[in-house]
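Student: The sequence and its predicted three-dimensional model are supplied below.
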Amino acid sequence: MQYQGRSKRSKTGARLRPQSKKKKSKTGRSPTETTVGEQRFRTVDARGDNEKVRALSTNVANVATDDGAVRATIEDVVENGANPNYARRNIITKGAIIETDAGRARVTSRPGQDGQVNAVLVE
């Protein structure tokens, strides 16, 4: 985990005195890169008494169509605007274009944050 609080230096390089001690809520984690494959999840402690479910890999998506939502099987990641290498490595992020058995769809959820893939059809 990496501490992500205020920098110890100002923009000009002057030393900033600490406002408070380090807190656990100020730490960050490396991103969860959700891949296409057999469903695997991990629960992570979140702030307060909450938990986040992270999708490590998944092969189903909730695809919104004109007549409701369909549970579709993910076949491939066609395009990913976040990083061109993600499409090659079949990593799903928000905004990725995925090929499903219902057709091509754009991901609207954040699978590494909420553990499910929601998408809308792209015509």
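Tutor: Structure's in. What do you need?
Student: Could you use CA atoms for every contact and neighbour count after this?
Tutor: OK.
Student: And the average pLDDT for whichever strand or helix holds residue 69 is what?
Tutor: Counting by DSSP states H and E, the secondary-structure element that holds residue 69 is strand 68-79. Averaging pLDDT along strand 68-79 gives 95.
Student: For stretch 15-32, buried residues please.
Tutor: Judged by neighbour count (16 or more other Cα atoms under 10 Å), stretch 15-32 contains these buried residues: residue 32.
Student: This structure: strands as residue ranges?
Tutor: In the chain, the segments counted as strands under DSSP state E are 2-3, 27-28, 34-36, 40-45, 51-58, 60-65, 68-79, 91-92, 97-100, 103-107, 118-121.
Student: Just say which of those is most tucked in.
Tutor: Per-stretch averages of neighbours, counted by mean count of other Cα atoms under 10 Å, single out strand 91-92 among the strands of the chain, with a mean of 27.
Student: before we move on, the earlier item: between the strand holding residue 69 and strand 51-58, how big is the angle?
Tutor: Comparing the axes of strand 68-79 and strand 51-58 via axes from the mean of the first three to the mean of the last three Cα atoms, to 10 degrees yields an angle of 60 degrees.
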